[in-house]
Structure formats: structure tokens, C-alpha cells
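[1] need a structure here:
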Amino acid sequence: MAQALQIDPMLENILDQARWAPSGDNTQPWRFEVVAPRHVVVHGFDTRSHCVYDLDGHPSQLSLGALLESMALAASSHGLRMEARRRLSMPDTLPTFDVRLVDSPGMPPDPLAAYLPQRSVQRRRLSTRRLRASEKAALAASLPPGYSVQWFEGWRARLVCARLMFGNARLRLTMPEAHKVHRDVIEWGARYSSDRIPEQALGVDPMTARLMRWVMHSWRRVDFFNTWLAGTVAPRLQMDLLPGLYCAAHFALLADASPRHIDDYVAAGRAMQRFWLTATQLGLQLQPELTPLIFARYVRERRIFSRTDGLQERAQELAVQCQAVLGATALERAVFLGRIGAGPAASARSLRRPLAD
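    Reported below is the predicted structural model:
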């Protein structure tokens with residue numbers, strides 16, 4: 001593991017900047033092994049064995065792509081070019097990359113590098129003003145060849161997307177397979193968290209947060225509240241429906257070809273990170289909305305994600321709804337969904353493990 005006292009200062013700075021890359025539920029599915037001052041091994045992993053959302057490890061692979069792109073950006077600030085090669089001998093559950101930093105005289109620093117620590121998730125309401133043509137052009141231009149962006153703007157389109165997220169939230173919150181994930185990823189009573197999501201970043205009011213904390217203590221409580229007291233309504237309103245309405249737009253990042261393999265998702269993660277950092281550079285806020293894509297793929301591939309009666313059928317209905325929003329072809333090519341808009345940066349956020357960890 002990386003030891004701060006033994007790392008070359010330049011490399012330490014690059015890794016310290018890169019670790020701010022986004023990851024699902026702040027899992028940070030990577031560890032660094034410093035081999036030489038210009039050679040780092042990135043040991044990736046995924047959470048598919050215990051997280052229903054990490055289908056085939058693809059969301060974690062997106063995060064690894066974002067990490068590699070962040071390393072490349074940080075390296076550019078030091079006149080270095082990053083070269084990454086995946087070790088094909090490693091299993092899919094442990095994607096491992098040899099990363100080398102190569103002198104590149106005359107290479108200008110990428111301006112997006114300055115926004116690596118600033119980029120964050122904003123789960124609260126945003127401005128409903130439409131994105132300016134210049135903002136949309138800059139976001140589209142941030143994507144590398146092979147990727148494009150599909151926009152969902154205007155009141156009607158935002159309502160359709162908000163209802164899709166509202167329905168997917170009900171699926172998530174009534175699924176026992178997801179309960180332990182939700183319980184373990186929240187750091188209650190916190191404004192910041194180095195390895196989880198702090199309570200104050202969830203986007204709910206203090207009373208709802210207190211109730212959620214008590215209810216989520218056990219699945220028995222969750223099931224009782226969901227069955228008899230409409231327990232999912234308040235969090236879904238505050239975390240999904242209202243934020244889905246109060247934003248400038250929802251969007252989908254599309255690959256020219258449907259992603260199939262690890263390298264496809266890693267490449268998509270690199271594109272996603274450039275898009276997100278460009279939004280930060282423009283003063284815009286962003287929130288990922290990946291669950292419709294994940295459960296639509298469960299349905300498309302006829303894979304079982306829950307043994308609870310009715311949930312597979314509910315997912316089927318949501319998959320139809322998701323296809324109606326994106327279109328059948330776009331749904332298979334979509335690598336990332338989110339909402340975006342102007343607004344203040346999040347006042348509470350996930351931090352990262354110290355580099356020495």
C-alpha cells in the first residue's frame with residue numbers, strides 16, 4: 001500500500017488528487033501500490049458479491065475509469081502523460097492496472113485537473129433554468145470520440161424522469177437485498193464521511209433522517225413501515241421526485257456501441273469523469289441516476305435480483321418506462337444517467353480515505 005513517507009512528492013500529489021474520483025456509495029474500489037516513482041499498480045475490486053447495484057461489477061468499473069482519467073489529469077499538471085494497461089491475467093472481480101507516468105515536454109496541463117477535489121454530488125434541489133447553449137456545447141465537447149449526450153429538458157421531460165426515479169426508489173427501498181447496503185453506506189449524524197455517505201448529504205430534512213435511521217436499524221422495521229405506514233413516501237419525495245423536478249435537465253451519456261466488457265466500462269468511466277468535471281468547471285451541479293439502467297439490464301437479461309414476491313414484475317414495468325424515456329436503442333448504449341443544473345455546491349459531502357490508507 002502507498003506510504004506517504006516513501007512516495008515521491010510529485011507522485012504523491014498525483015495520487016492525492018486522483019483519489020477524489022467518484023465511486024458508488026463512496027466505496028473507492030481501488031488501492032495503490034507504488035512500484036517506482038513513475039510506476040503505480042492500481043488494484044481494483046468490485047462489490048458485486050454483496051451489493052445488488054454493482055451488477056457484474058460494471059458500476060465499480062465506471063469508477064475505476066474515473067480514477068484513471070483523474071490520474072491522467074493530475075499527471076498533466078506535472079508535464080507527464082499517463083499510460084495505463086490492464087493485467088489480463090487478473091479475474092474480472094479484481095481489475096488491475098499498471099499505470100506509468102511518462103515525460104511529455106510541452107504538454108499543457110489540462111484545465112479540468114483544478115476541479116478534481118471540487119467535483120461532488122448534489123442531491124438537493126437545483127435551479128430550473130435551462131442550460132445555456134454554450135454550457136451544453138461545452139459538456140458535449142468534453143466527451144471523447146465514441147460518446148454523446150442525450151438531454152431531457154423542459155417541465156414535461158423532467159416530470160417523466162422524476163417519476164422514473166420515484167418508481168425505482170420504491171423498488172430499492174422495498175427490497176431486502178438492498179437493505180444492508182443502504183444501512184451500511186450512511187454515516188448518520190455526519191456532515192462529511194471518508195468512506196461512506198454522510199447523513200446531511202442525503203437530501204432529506206432532519207426529521208425524515210431521524211426516522212430513516214431508526215427504521216433502517218432492521219429489515220423487520222423497514223418492512224413494517226413500508227407495509228402499513230407508507231414508509232417509502234417521504235424519502236422518495238425528498239430524494240427522488242422533487243430533486244428530479246427541480247433541476248435544469250436530466251441526461252444520458254451514450255456510447256456509440258453497447259458496452260460489453262470491462263474495458264468498455266472503464267472507458268465510459270473516463271468519459272463520465274470529463275463530463276462531470278466540465279460541469280463543475282461551468283459552476284453546475286450534478287447527481288448520478290444509475291439505478292434505472294441497472295435494473296433495466298437485470299430485466300433485459302432475465303436475471304433474478306430479489307426473491308421477494310412482486311419485485312421482478314415491478315422492475316419489468318420500470319424497465320418499460322425507462323425504455324419509453326430513452327428509446328430502445330439508446331437504453332442499450334447508455335452508460336450513465338444523471339440530473340444537472342445551476343445551484344450551490346453541496347454543503348455536506350463524501351470525502352475520501354487518506355492516501356496513507
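[2] burial count for Arg100?
    If you count neighbours by other Cβ atoms under 10 Å, Arg100 ends up with 15. Backbone N, C-alpha and C define where each C-beta goes, glycine included.
[3] residue contacts, the residue lying closest to it once chain neighbours are set aside?
    Excluding the flanking residues, the one nearest Arg100 by Cβ to Cβ, 6 or more residues apart in numbering is Glu83, at 4.9 Å. Glu83 makes contacts with Val99, Arg100, Leu101, Val102, as judged by Cβ atoms under 8 Å, 6 or more residues apart in numbering.
[4] And the third one, which helix or strand is it part of?
    If I follow you right, that is Leu101. strand 96-103 (DSSP states H and E).
[5] Just the CA trace of the next helix or strand after that strand, in PDB.
    The first helix or strand that comes after strand 96-103 along the chain, using DSSP H and E, is helix 133-142. C-alpha atoms of helix 133-142 as PDB (Å, rounded to 0.1, in the frame of the first residue of the first chain):
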ATOM      1  CA  ALA A 133     -26.400  26.700 -25.400                       C
ATOM      2  CA  SER A 134     -22.800  27.400 -24.500                       C
ATOM      3  CA  GLU A 135     -23.000  25.100 -21.400                       C
ATOM      4  CA  LYS A 136     -24.500  22.300 -23.400                       C
ATOM      5  CA  ALA A 137     -21.900  22.700 -26.200                       C
ATOM      6  CA  ALA A 138     -19.000  22.600 -23.600                       C
ATOM      7  CA  LEU A 139     -20.400  19.500 -22.000                       C
ATOM      8  CA  ALA A 140     -20.900  17.700 -25.300                       C
ATOM      9  CA  ALA A 141     -17.300  18.700 -26.300                       C
ATOM     10  CA  SER A 142     -15.900  17.300 -23.100                       C
END
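[6] just to revisit the earlier point, if I look at the residue nearest to Arg100, how far off is His39?
    Distance of Glu83 to His39, computed by Cβ to Cβ, to the nearest Å: 10 Å.
[7] Same check on Val204?
    From Val204 across to His39, the span is 45 Å (Cβ to Cβ).
[8] Tell me which of those two has more neighbours.
    Set side by side, Val204 and His39 show more neighbours around Val204, with 20 against 13, by other Cβ under 10 Å.
[9] pLDDT at that one, what is it?
    What the model reports for Val204 is a pLDDT of 93.
[10] Any idea how many residues pack against the closest residue to it other than its chain neighbours?
    Spatial nearest neighbour of Val204, chain neighbours left out: Gln238 (4.6 Å); criterion: Cβ to Cβ, 6+ apart. Neighbourhood size, Gln238 [other Cβ under 10 Å]: 19.
[11] Report the buried residues of the helix-or-strand element of the chain with minimal mean pLDDT.
    Here the helix or strand of the chain ranked lowest by mean pLDDT, DSSP states H and E is helix 219-228, holding a mean of 85. Residues Val222, Asp223, Phe225, Asn226 are the ones in helix 219-228 that count as buried (16 or more other Cβ atoms under 10 Å).
[12] The third one: what's it in contact with?
    Taking Cβ under 8 Å, 6+ apart as the definition of contact, the neighbours of Phe225 are Val215, Gly231.
[13] Could you measure from it over to Pro176?
    13 Å.
[14] Could you list the low-confidence segments of the stretch 151-300 of the chain?
    230 (pLDDT under 70).
[15] Tell me where it has helices.
    154-173, 176-185, 206-215, 219-228, 233-236, 242-245, 262-281, 291-300 (DSSP state H, counting those that start in this stretch).
[16] quick one, which of those helices is packed in tightest?
    Of all those, helix 262-281 carries the top mean neighbour count, a mean of 23, counting by mean count of other Cβ atoms under 10 Å.
[17] who does that helix touch, helix- and strand-wise?
    For helix 262-281, the packing partners by 3 or more Cβ pairs under 8 Å, 6 or more residues apart in numbering; DSSP states H and E come out as helix 58-76, strand 80-86, helix 133-142, strand 147-153, strand 249-255, strand 284-288, strand 334-342.
[18] can you give me the angle it makes with helix 133-142?
    With axes from the mean of the first three to the mean of the last three Cα atoms, to 10 degrees defining the directions, helix 262-281 sits at 150 degrees from helix 133-142.
[19] give me phi/psi at the closest residue in space to Met175 that isn't next to it in sequence?
    Using Cβ to Cβ, 6+ apart and skipping residues adjacent in sequence, the residue nearest Met175 is Ser306, 5.2 Å away. Dihedral pair for Ser306: phi -150, psi 150, per degrees, to the nearest 10.
[20] Can you tell me how far the residue nearest to Val335 when sequence neighbours are not counted is from Leu62?
    Using Cβ to Cβ, 6+ apart and skipping the chain neighbours, the partner closest in space to Val335 is Ala268 (3.9 Å). Counting by Cβ to Cβ, the gap from Ala268 to Leu62 is 6 Å.
[21] Just the pLDDT for the closest residue to Leu64 other than its chain neighbours.
    Counting by Cβ to Cβ, 6+ apart, Leu64 lies nearest to Gly44, which is 4.7 Å off, once chain neighbours are set aside. For Gly44, the model assigns a pLDDT of 98.
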